[in-house]
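Chemist: Got a predicted structure plus its sequence, pasted below:
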There are 2 protein chains.
Amino acid sequence: MSDTPARLLALLSLLQTPREWPGSELAERLEVTTRTIRRDIGRLRDLGYPVEATMGAVGGYRLVAGTAMPPLLLDDEEAVAIAVGLRTAARHPVAGIEEASVRALAKLEQVLPSRLRRRVGTLNTATVPLVPAGGPSVDPQDLAVLAAAVANRERLRFAYQTADGAGSRRLVEPHRLVVAERRWYLVAYDDDRDDWRIFRVDRIRQPHPTGMRNAPRELPGGDAAAYVTSTLYSLAPTYSAVATLHMPAAEAAARLGDASGDVEPIDERTCRLRGHTDTLEWLAFRLVMLDCEFEVHEPPELLGYLAALGARVTRAASPAARAPRAGDAADDTVDANN
Amino acid sequence: MSDTPARLLALLSLLQTPREWPGSELAERLEVTTRTIRRDIGRLRDLGYPVEATMGAVGGYRLVAGTAMPPLLLDDEEAVAIAVGLRTAARHPVAGIEEASVRALAKLEQVLPSRLRRRVGTLNTATVPLVPAGGPSVDPQDLAVLAAAVANRERLRFAYQTADGAGSRRLVEPHRLVVAERRWYLVAYDDDRDDWRIFRVDRIRQPHPTGMRNAPRELPGGDAAAYVTSTLYSLAPTYSAVATLHMPAAEAAARLGDASGDVEPIDERTCRLRGHTDTLEWLAFRLVMLDCEFEVHEPPELLGYLAALGARVTRAASPAARAPRAGDAADDTVDANN
DNA sequence: GACGTCCAGGACAGATCCTGACCTATATGA
DNA sequence: TCATATAGGTCAGGATCTGTCCTGGACGTC
């Protein structure tokens, strides 16, 4: 009896199960008359959620795709699955929707019951990274905290570790989260230094909101993403890579994706790749994954890295020969600001 | 005025933004009095959604984590981000929540507006696969269709391509979706053959529900996952791999994850890996990604694959030498049933 | 072709609920 | 101390909701 909004939500929840519901069954579950069910269905339709009905003896109601997203009513496991998916998406950002990903993650983490958060955490640490890290990886939970602070225009305090290992404590007004070169950066106004700064998120430790709101501040130039990339290019000792791929240019471009540099055809079966990167491991990984013959011309560091990798793999395939182990990890020395 | 449930949903949507909302601002947005806002907040609390309020001059309301998941109200971009995340999760299943992932995906795809679905599709094809496929990859949208049919107990018609290339049309009663050995399988009762069958999802083409419901049918033995793995072991010519890793056993186990076989220590710095796999590329990929010295002892196919890979990488690092291209793709010949 | 089953929706009466307009109490930061 | 925020009681008038009728249309089955 009564409590209409709760019943509407329950009805939405039932209808989101991908199956057909006869009105009588819905009425039974929600303990109301079928007439009320029909009225509720009408209400949902008025709200813009298209409920489709098939008439006839085996008919029923089902929620279909409309023009607006209905509220998603998830059970525990589904919520965990989405959280895990968003966390890995935060670690391997997809071009164009990185920011929406962290927004969704922040939204979800805000309301995720603690028992589910624990499950997400254990699943997350149990999941193995699929690609070379290329430096420390970001903590998705920290990322959610930063996204919340950005949305809330709330001052943020955190410990920041610079490239040379020194640590410092910061109080900033967060402005935007940006992905550049496969890394997360926080664009923020540093209150102590009275200037704009860019922080690598994987070097931020223990961020917590202070509760102090700050007035929106305009970034000079406006575009945060452009600000980050321009700062990176002016500061970072990125490598310029040139390679020849024995693969049609179109196919190589498709398999490399958009963020891997320029591909121009040499002839029908080969092409030239030019790109810049600050993580040799990542570039080498992508080239090997292409599963085609290729030759690297520059930079010498990448040549060295690939030579070491090839030698290691060759050693692995010839167990008869035993050799002293050679360290072959290339280090990453790029930093955004001090 | 009026339409309380819609206002409650709108209020929930606002509160899910990770920020604090003063009651007056909420009242303004929703065009009601602050008194009504306070009442609505109370209603939400009665429904079990914990709205926290900070009193005082800079107070406000915010939705915090409770014991149950509130309905997620997403904007377009967030919905797309979640869909993309779930699709990649379907391609790289995480142990333990694979089924919840596809359930959530099916739920989302069911109500995703078509314009957003298009965006998800283009983003999805633009996204490059991060790991070696090891055979054809599943279409997440097909997976969602299968999951919906499983939940709806609806008969399903599809074209199935067997290992030897022959195609057949099937009419089945879907029972469960299961991940085994990094692949999706559909456990279903084949109506034409009057027996239970296991189908590799990546070989299923154009699945579509028929609208015919079927009575729930009990799988002999009960456990669908066990049924799949036992069938696979009895049928599939998997490789048995043995390798020595120059890495502490604990670290290797952590970095390999749970599904990669048994790791036992040899001494403090080395360990032995035993596993079985039907995709050489995947195992080789994981071993190389460990970023440590290792030697493979078995199977010979893996040795050959690694030798070819090492040679290719070495060639790439020595652009002076030019050699005729050697094909080095290992084929995957495992099948679940005919 | 008749029948049962399902969705669609109008009319109506009675109970319920909701909103806005008061009011006071309390907590917090400037 | 003051301003501002949440918290919540009360009350009256009006809107809304529910259940119980009803008719009609669509669809599959017997």
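Modeler: On my side now, so go ahead. Numbering: from 1, shown residues only, chains lettered A, B, ... in the order given.

Chemist: So for stretch A:165-185, what gets flagged as buried?
Modeler: Neighbour-count burial for stretch A:165-185 flags A:170, A:172-185 (criterion: 16 or more other C-beta atoms under 10 Å in any protein chain shown). For every residue, glycine as well, the C-beta is placed using N, CA and C.

Chemist: what's the answer for stretch A:77-91, then?
Modeler: Of all the residues in stretch A:77-91, those buried under the rule 16+ other C-beta under 10 Å are A:77-91.

Chemist: What is the end-to-end distance of stretch A:233-249?
Modeler: Chord length of stretch A:233-249, first to last residue, is 27 Å (C-alpha to C-alpha, to the nearest Å).

Chemist: so, if you compare the buried residues of stretch A:165-185, which one comes nearest to residue B:315?
Modeler: The shortest approach to residue B:315 among the buried residues of stretch A:165-185 belongs to residue A:182, at 26.9 Å (C-beta to C-beta).

Chemist: so how far is chain B from the closest one?
Modeler: When distance is defined by C-beta to the nearest C-beta, to the nearest Å, residue A:182 is 12 Å away from chain B.

Chemist: close enough to count as contact, residue A:152 and residue A:214?
Modeler: No: with contact defined as C-beta atoms under 8 Å, residue A:152 does not reach residue A:214; the gap is 9.8 Å.

Chemist: Looking at those two, which one has more neighbours?
Modeler: Neighbours per residue, other C-beta atoms under 10 Å in any protein chain shown: of residue A:152 and residue A:214, the larger number sits with residue A:152, 21 against 18.

Chemist: Apart from its chain neighbours, what residue comes closest to the more buried one?
Modeler: Distance criterion C-beta to C-beta, 6 or more residues apart in numbering or on different chains; nearest residue to residue A:152, sequence neighbours excluded, is residue B:19 at 3.6 Å.

Chemist: Run a quick neighbour tally on that neighbour.
Modeler: Burial measure for residue B:19: 19 neighbouring residues, criterion other C-beta under 10 Å.

Chemist: Over to residue A:57?
Modeler: The burial metric for residue A:57, expressed as a neighbour count using other C-beta under 10 Å, is 4.

Chemist: can you give me the helices for the stretch 151-300 of chain A?
Modeler: Shown for the stretch 151-300 of chain A, the helices assigned by DSSP state H, counting those that start in this stretch span residues A:224-235, A:249-256, A:280-289, A:300-317.

Chemist: Reformat the ones you listed as TSV; add mean pLDDT.
Modeler: Below are these laid out as TSV (pLDDT from 0 to 100):
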stretch	mean pLDDT
helix A:224-235	80
helix A:249-256	76
helix A:280-289	79
helix A:300-317	82
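
Chemist: deepest of those helices, which one?
Modeler: helix A:280-289 (a mean of 21; mean count of other C-beta atoms under 10 Å in any protein chain shown).

Chemist: list the helices and strands it packs on?
Modeler: Helix A:280-289 makes packing contacts with strand A:239-245, helix A:300-317, helix B:300-317 when contacts are defined by 3 or more C-beta pairs under 8 Å, 6 or more residues apart in numbering or on different chains; DSSP states H and E.

Chemist: repeat that with 10 Å
Modeler: Under the contact definition 3 or more C-beta pairs under 10 Å, 6 or more residues apart in numbering or on different chains; DSSP states H and E, helix A:280-289 sits against strand A:239-245, helix A:249-256, strand A:271-277, strand A:294-298, helix A:300-317, helix B:280-289, helix B:300-317.

Chemist: Which among these is found nearest to residue A:13?
Modeler: Nearest to residue A:13 among those is helix B:280-289 (38.4 Å), distances taken as C-beta to C-beta.

Chemist: now that closest one: how far from the chain's centre is it?
Modeler: What separates the centre of helix B:280-289 from the centre of its chain is 20 Å, taken as C-alpha atoms, centre = their mean, to the nearest Å.

Chemist: for stretch A:307-314, same thing?
Modeler: Using C-alpha atoms, centre = their mean, we find the averaged C-alpha position of stretch A:307-314 to lie 31 Å away from the chain's own average C-alpha position.

Chemist: what's the pLDDT at the residue in the stretch 151-300 of chain A positioned nearest to DNA strand D?
Modeler: Ranked by C-beta to the nearest atom of the strand, the top residue of the stretch 151-300 of chain A for proximity to DNA strand D is residue A:213, at 11.6 Å. The score at residue A:213 is 74. That number is its pLDDT.

Chemist: Same check on the one 4 residues further on?
Modeler: The predicted local confidence for residue A:217 comes out at a pLDDT of 80.

Chemist: hang on, it packs against residue A:190?
Modeler: No: applying C-beta atoms under 10 Å as the test, residue A:217 and residue A:190 come out as separate, 11.4 Å apart.

Chemist: Count the residues that sit near residue A:223.
Modeler: 12.

Chemist: Can you give me the distance of it to residue A:184?
Modeler: Distance, residue A:223 to residue A:184, using C-beta to C-beta, to the nearest Å: 17 Å.

Chemist: go on, residue A:177?
Modeler: For residue A:177, the distance to residue A:184 under the criterion C-beta to C-beta works out to 6 Å.

Chemist: where along chain A do the strands fall?
Modeler: Taking DSSP state E as the test, the strands found in chain A are A:51-54, A:60-63, A:154-161, A:167-180, A:183-190, A:195-200, A:204-213, A:239-245, A:262-265, A:271-277, A:294-298.

Chemist: which one of these is the most hemmed in?
Modeler: Between the strands of chain A, the one whose residues have the most neighbours on average, counting mean count of other C-beta under 10 Å, is strand A:183-190 (a mean of 23).

Chemist: Export the helices and strands packed on helix A:280-289 as JSON lines, with columns for distance to residue B:66.
Modeler: Compiled in JSON lines, the helices and strands packed on helix A:280-289 are given as follows (distance: least, C-beta to C-beta, whole Å):
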{"stretch": "strand A:239-245", "distance to residue B:66": "49"}
{"stretch": "helix A:249-256", "distance to residue B:66": "45"}
{"stretch": "strand A:271-277", "distance to residue B:66": "44"}
{"stretch": "strand A:294-298", "distance to residue B:66": "53"}
{"stretch": "helix A:300-317", "distance to residue B:66": "49"}
{"stretch": "helix B:280-289", "distance to residue B:66": "40"}
{"stretch": "helix B:300-317", "distance to residue B:66": "50"}
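
Chemist: right, and the ones you listed - which one's nearest DNA strand C?
Modeler: Evaluated over the helices and strands packed on helix A:280-289, closeness to DNA strand C peaks at helix A:249-256, with 45.0 Å, by C-beta to the nearest atom of the strand.

Chemist: Outside of that closest one itself, list whatever touches it.
Modeler: Contact partners of helix A:249-256, identified using C-beta atoms under 10 Å, 6 or more residues apart in numbering or on different chains, comprise A:243, A:245-248, A:260-273, A:275, A:283, A:286-287, A:289-292, A:294, B:125-126, B:128-129.
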